[in-house]
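J.: Let's see this in three dimensions:
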Amino acid sequence: MNNLKLLLFTLCLILIALLIQLQKGPLFALFEGMGNSSTQIRGEGFPKTLIDSTGIQFVLKAPPTRIISATLASDHILSDLINPQRLSAVSSYVDYPSLSNIVGFYDNSISRTQGEIESMLALQPDLVFVASYSNPETVRYLLRSGIAIVRLSEFNSFADIFNNIRIVANVTDTKAQGEVIIHNLKERIAFIQAQVKDKAKPRVLYYDLNGYSVGGHSLMDEAIQLSGGINVTSGVLADGENKISEELAISLQPDVIVTNQWVFNQDNQAGSPTTILENKKAWETVPAIKNDRLYAVPGTWLRSVSQHRIKGVEAIAKLLHPDIGIYQERPHVQ
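T.: Alright, predicted model coming up:
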């Protein structure tokens, strides 16, 4: 009897060890469909090998022509890279005025997806774009299906935006156009930085009326710094987006407050975020309120994780420093 118990105990230990090893490799990934980093791409031309963060590999033999973009970020990036005829579907969010910067860009003949695996598979895509925040179950089924996927996972800085553009451009055979987009973004950033570098830096609070703000290591933190301001919640809140109490927000005494102006309230002055905050008695001693420096910027610019994020930086910079110029696009030399 004791020998049997010892044998069962030994078998349990072996099973646990095997599971730990499986968790490190692609077999476990088939069950989890999870990953923490963006797709790695090998190969200058085609075929290309796509290596998912789970370790699973796909071979893309030729530039894809039946693409499904299941994220708003890839919808935005692809709109400046490829002929829409190469798309089988885009995310349904691309039609939401409160979220999308390109409402109306994609023809209704292109399917919309909310990540339903059955409808996605029915389109027989040769490439699917997903993100770190995509439904894990959908990603798991895609991994099992053998369809090539590209996962975008980092959205914390303009460097991440540049990297995501390069990933999408690489896998769609549009690398030259991707570099054009990145060059334009860098020019616009440099233009802002040159104008604000010698100006006093106001203390800025980004505040969502739902009670959220952002700490360091985030696109909003970088946007405020690029715009010539200081993010008052950097070092106070944890990195990224976080809940913030009104008491803490007020105690930071910001010189400027930036909040989201969503489409549904932009024509309703009484319901605008600036009016709501101005009418809260607890906020009346805050310098930004006293000095009429509470601003609402379109949420589609402030929340974008694509090339359109630059519009938010430009808007904040102009609000912080009204005397700076506006970037003028250079004519393309033929």
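J.: the helices in the stretch 101-250 of the chain, which residues?
T.: Assigned by DSSP state H, counting those that start in this stretch, the helices in the stretch 101-250 of the chain fall at 117-122, 136-145, 158-171, 175-196, 219-226, 246-251.
J.: Flag every buried residue along the first one.
T.: When you say that, I think you mean helix 117-122. 117, 120 (16 or more other C-beta atoms under 10 Å). Every C-beta, even on glycine, is put in place using the N, C-alpha and C of the backbone.
J.: other SSEs contacting that helix?
T.: Applying 3 or more C-beta pairs under 8 Å, 6 or more residues apart in numbering; DSSP states H and E, one finds that helix 117-122 makes contact with strand 111-113, helix 136-145.
J.: Give me the mean pLDDT for the longest one.
T.: Averaging the model's pLDDT scores along helix 136-145 yields 90.
J.: CA atoms only for that helix, dumped as CSV, please.
T.: C-alpha atoms of helix 136-145 as CSV (Å, rounded to 0.1, in the frame of the first residue of the first chain):
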residue,chain,number,x,y,z
PRO,A,136,-8.4,35.5,-25.4
GLU,A,137,-10.9,32.9,-26.5
THR,A,138,-11.0,34.3,-30.1
VAL,A,139,-7.2,34.4,-30.2
ARG,A,140,-7.1,30.8,-28.9
TYR,A,141,-9.3,29.6,-31.7
LEU,A,142,-7.4,31.5,-34.3
LEU,A,143,-4.1,29.9,-33.1
ARG,A,144,-5.7,26.5,-33.4
SER,A,145,-7.1,27.3,-36.9
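J.: What residues of that helix count as buried?
T.: 138-143.
J.: Quick one: list the elements packing against that helix.
T.: On a contact count with 3+ C-beta pairs under 8 Å, 6+ apart, helix 136-145 meets helix 26-32, helix 117-122, strand 127-131, strand 149-152.
J.: For the helix or strand just after the longest one, which outside residues touch it?
T.: Spelled out, that is helix 26-32. Downstream of helix 26-32, the next assigned helix or strand under DSSP states H and E is strand 40-42. Residues outside strand 40-42 that contact it (C-beta atoms under 8 Å, 6 or more residues apart in numbering): 48-51, 167, 170-171.
J.: rerun at 10 Å
T.: Residues outside strand 40-42 that contact it (C-beta atoms under 10 Å, 6 or more residues apart in numbering): 48-53, 57, 59-60, 150-151, 166-167, 170-171.
J.: I'd like to know which of those is nearest to residue 74.
T.: residue 150 (8.0 Å; C-beta to C-beta).
J.: still on that earlier bit, who wins for proximity to residue 321 among the helices and strands packed on helix 117-122?
T.: When the helices and strands packed on helix 117-122 are compared by C-beta to C-beta, strand 111-113 sits nearest residue 321, at 40.2 Å.
J.: what lines up beside that closest one in the sheet?
T.: strand 87-91 (parallel) (DSSP bridges).
J.: Hey, what's the angle from the partner strand to strand 127-131? Just curious.
T.: With axes from the mean of the first three to the mean of the last three C-alpha atoms, to 10 degrees defining the directions, strand 87-91 sits at 20 degrees from strand 127-131.
J.: how about strand 87-91 as PDB, C-alpha atoms only?
T.: What follows is strand 87-91 as a C-alpha-only set of coordinates in PDB (Å, rounded to 0.1, in the frame of the first residue of the first chain):
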ATOM      1  CA  LEU A  87      -9.400  43.800 -46.500                       C
ATOM      2  CA  SER A  88     -12.100  41.200 -45.800                       C
ATOM      3  CA  ALA A  89     -13.200  42.800 -42.500                       C
ATOM      4  CA  VAL A  90     -12.400  45.600 -40.100                       C
ATOM      5  CA  SER A  91     -13.500  46.100 -36.500                       C
END
